[in-house]
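> quick check, what structure comes out for this input:
(one chain, ligands or ions: 5)
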Amino acid sequence: MRAIHILAVLLLLAAGGAAGAEKKACHGGDEAALLAVKAAFSNASSFVSWTPDIPCCHWPGIDCSDDDGSGGTTGRVVSLAILRDDGITGVVPGDAIAGLTRLQILFLFKLPRVSGTIPAALARLSGLKELTISRTGVSGPVPSFLGALKALESLDLSFNALTGAIPPSLGAPPRLISVDLSRNRLTGRIPPLLLSKAGPQAFLSLSHNNLSGGIPAEFAAVNFEQIDLSRNQLTGDASLLFGRGDDDKPVLDSADLSRNALSFNMSGLRLTRRLDSLDLSHNMIYGGIPAVVANLTNLQVFNVSYNRLCGAVPVGAAARYDLYSFAHNKCLCGAPLPDACR
Ligand SMILES: *[C@@H]1O[C@H](CO)[C@@H](O)[C@H](O)[C@H]1NC(C)=O
Ligand SMILES: *[C@@H]1O[C@H](CO)[C@@H](O)[C@H](O)[C@H]1NC(C)=O
Ligand SMILES: *[C@@H]1O[C@H](CO)[C@@H](O)[C@H](O)[C@H]1NC(C)=O
Ligand SMILES: *[C@@H]1O[C@H](CO)[C@@H](O)[C@H](O)[C@H]1NC(C)=O
Ligand SMILES: *[C@@H]1O[C@H](CO)[C@@H](O)[C@H](O)[C@H]1NC(C)=O
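Residues are numbered from 1 along each chain as shown. Ligands and ions are numbered 1, 2, ... in the order given. Predicted coordinates:
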């Protein structure tokens with residue numbers, strides 16, 4: 001999903017260049033804010049054509065609305081994307097970016113020499129729907145003020161050097177449906193996130209951090225499409241992610257909970273048809289493999305190795321997954337394992 005999203009932004013940039021001739025005049029305040037961003041980011045090569053003789057809606061990385069929202073024909077900057085430039089140094093220029101008062105999408109991607117913390121001024125962008133600051137040198141906390149962004153739908157702060165706990169305020173934005181905080185150095189417990197009922201298909205990745213404690217009970221009410229909690233130190237029960245009783249999770253298509261310290265009985269796990277990837281390896285999961293696994297025709301990736309499972313590998317599953325999907329358990333038996341069931 002992330003890769004597709006990035007591709008969409010790249011296509012948007014390409015389309016912006018081609019359709020440039022039809023674009024609107026630039027709003028003076030927006031232009032000033034963008035020139036301040038350029039100066040703060042050391043006038044790097046990404047900004048060579050950000051010059052006042054070209055209307056700012058034509059600049060690479062910029063997308064404008066068709067009008068100013070009150071009948072005028074001046075476009076307002078709604079999207080700012082700066083990506084793949086290791087010549088850009090300095091901190092994220094919060095005040096300059098906050099000058100883009102109609103901004104809906106901020107995309108800062110693969111800027112390895114951008115450092116400092118996430119600036120508080122970004123909380124002033126009340127129309128911001130998508131915030132991406134990914135693959136940068138940004139450090140410090142995931143700031144709690146991000147919870148004040150009422151329009152936020154997608155937050156991607158992956159592949160940075162963020163530390164500390166995930167602030168509970170991230171549960172607040174009513175439309176927030178996609179959160180990626182993977183590959184940082186986050187610690188502490190997972191607060192209840194993504195509890196919005198506005199969007200039915202939630203995306204959450206918190207992989208490669210140092211999170212501990214249990215999975216929040218509130219997650220039982222979230223319709224996850226993809227969830228990746230791998231490589232943390234999470235404990236306890238994860239079965240609530242898969243639904244309970246008759247209330248299954250029909251949209252779940254990918255769950256990676258590998259390399260944690262989760263401990264629950266797999267026998268009763270509800271696994272639905274849509275599921276195409278399930279990695280539970282390297283935990284302390286006990287019980288047996290549910291027979292329904294053999295019926296899940298979409299399930300391409302299935303890995304329960306390095307757990308404490310027992311009993312027979314369901315016939316049918318044995319034919320589709322190799323030995324390394326099942327190895328290193330307590331007493332699993334039957335093909336493709338060498339141990340026959342007694
Ligand atoms: C960037 O360009 C502006 C305008 O030419 C100039 O005033 C400023 O000093 C430059 N900044 C850097 C860091 O090069
Ligand atoms: C996670 O925490 C443990 C100790 O609590 C520490 O040894 C380890 O280096 C940490 N890992 C990361 C990726 O920060
Ligand atoms: C796991 O749950 C099943 C019923 O769903 C039960 O029969 C079994 O004893 C449980 N296993 C363990 C190890 O608690
Ligand atoms: C698997 O599918 C078969 C054929 O549709 C059905 O008879 C069986 O009950 C299913 N098994 C489970 C565990 O759902
Ligand atoms: C399952 O996970 C184990 C442990 O990480 C790995 O060695 C193995 O290759 C994986 N199996 C498959 C089929 O991906």
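> what helix or strand does residue 134 sit in?
Assigned by DSSP states H and E, residue 134 belongs to strand 130-136.
> kindly report the same for residue 107.
According to DSSP H and E, residue 107 maps onto strand 105-111.
> any idea of the mean pLDDT in the next helix or strand after that strand?
Using DSSP H and E, the helix or strand that follows strand 105-111 in sequence is strand 114-115. For strand 114-115, mean pLDDT is 97.
> for stretch 64-81, measure first residue to last.
Taking C-alpha to C-alpha, to the nearest Å, the first and last residues of stretch 64-81 lie 12 Å apart.
> related to what we said a few turns ago, quick one: contacts of the strand holding residue 134?
When contacts are defined by C-beta atoms under 8 Å, 6 or more residues apart in numbering, strand 130-136 is touched by residues 92, 104-112, 114-115, 118, 122, 146, 149, 152-160, 180. In short, each C-beta sits where N, CA and C put it, glycine included.
> do the same with stretch 150-160
The set of residues external to stretch 150-160 that reach it, using C-beta under 8 Å, 6+ apart, is 2, 5, 104, 118, 126-139, 142, 146, 170, 173-184, 199, 205.
> show me those that map onto strands.
Among these, the members falling in strands are 130, 131, 132, 133, 134, 135, 136, 139, 178, 179, 180, 205 (criterion: DSSP state E).
> mind putting these into TSV with distance to ligand 1, neighbour count and pLDDT?
TSV is the format used below for the ones in strands among the contacts of stretch 150-160 (distance: C-beta to the nearest ligand atom, whole Å; neighbours: other C-beta atoms under 10 Å; pLDDT from 0 to 100):
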residue	distance to ligand 1	neighbour count	pLDDT
130	28	19	98
131	25	22	98
132	24	23	98
133	21	22	98
134	24	22	98
135	23	19	98
136	18	23	98
139	22	15	98
178	35	22	94
179	34	23	96
180	31	22	97
205	35	22	97
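> let's have the residues you listed in CSV, adding distance to residue 224.
Listed next are those as CSV, based on distance: C-beta to C-beta, whole Å:
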residue, distance to residue 224
130, 19
131, 20
132, 20
133, 23
134, 21
135, 24
136, 27
139, 29
178, 11
179, 11
180, 13
205, 11
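> widest-spaced pair of those?
By the measure C-beta to C-beta, 139 and 178 form the most distant pair in those, at 22.8 Å.
> which single residue of the stretch 101-250 of the chain ends up nearest ligand 5?
residue 230 (9.9 Å; C-beta to the nearest ligand atom).
> where does that residue land in three-state SS?
Following DSSP: H, G, I helix; E, B strand; the rest coil, we place residue 230 in the coil state.
> partners of residue 82 in the sheet?
Bridge pairing for residue 82 (DSSP bridges) gives the partners residue 108.
> against residue 214, how distant is it?
Plainly put, residue 82 is 38 Å away from residue 214 if you go by C-beta to C-beta, to the nearest Å.
> more neighbours: which of these two?
Shown here are residue 82 and residue 214; by other C-beta atoms under 10 Å, residue 82 has more neighbours (22 against 15).
> next up, the contacts around that one.
Going by C-beta under 8 Å, 6+ apart, residue 82 touches 37, 41, 46, 61, 88, 107, 108, 109, 111.
> for residue 285, state which of the residues you listed is nearest.
Closest to residue 285, out of all of the contacts of residue 82 and judged by C-beta to C-beta, is residue 109, at 35.7 Å.
> residue contacts, the closest residue to the closest one other than its chain neighbours?
In space, and not counting its chain neighbours, residue 109 is closest to residue 83: 4.1 Å by C-beta to C-beta, 6 or more residues apart in numbering. Taking C-beta under 8 Å, 6+ apart as the contact definition, residue 83 lies against 9, 61, 107, 108, 109, 110, 111.
> one more: residue 253?
Counting by C-beta under 8 Å, 6+ apart, residue 253 makes contact with 225, 226, 274, 275, 276, 277, 298.
> switch the contacts of residue 83 over to CSV; also include pLDDT and distance to ligand 4.
Listed next are the contacts of residue 83 as CSV, based on pLDDT from 0 to 100; distance: C-beta to the nearest ligand atom, whole Å:
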residue, pLDDT, distance to ligand 4
9, 51, 41
61, 96, 51
107, 98, 44
108, 98, 47
109, 98, 43
110, 98, 45
111, 97, 49
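> most neighbours, which of those?
residue 111 (26 neighbours).
> for residue 127, see how far away the residue in the stretch 51-200 of the chain positioned nearest to ligand 3 is.
Among the residues of the stretch 51-200 of the chain, residue 190 lies closest to ligand 3, at 25.2 Å counting by C-beta to the nearest ligand atom. Relative to residue 127, residue 190 is positioned 28 Å away (C-beta to C-beta).
> and the closest residue to residue 267 other than its chain neighbours, how many residues sit next to it?
Spatial nearest neighbour of residue 267, chain neighbours left out: residue 287 (3.8 Å); criterion: C-beta to C-beta, 6+ apart. Residues near residue 287, counting by other C-beta under 10 Å, number 17.
> could you report the distance from residue 287 to residue 323?
Using C-beta to C-beta, which is the criterion applied here, residue 287 is 20 Å from residue 323.
> and residue 257, by the same measure?
Remark: distance between residue 257 and residue 323 (C-beta to C-beta) = 21 Å.
> the two - which one has more neighbours?
residue 257 (24 against 13).
> show me what contacts the residue in the stretch 151-300 of the chain positioned nearest to ligand 5?
In the stretch 151-300 of the chain, the residue that lies nearest ligand 5 is residue 281 (3.9 Å; C-beta to the nearest ligand atom). For residue 281, the contact set (C-beta under 8 Å, 6+ apart) comprises 258, 259, 303, 304, 305, 306, 307.
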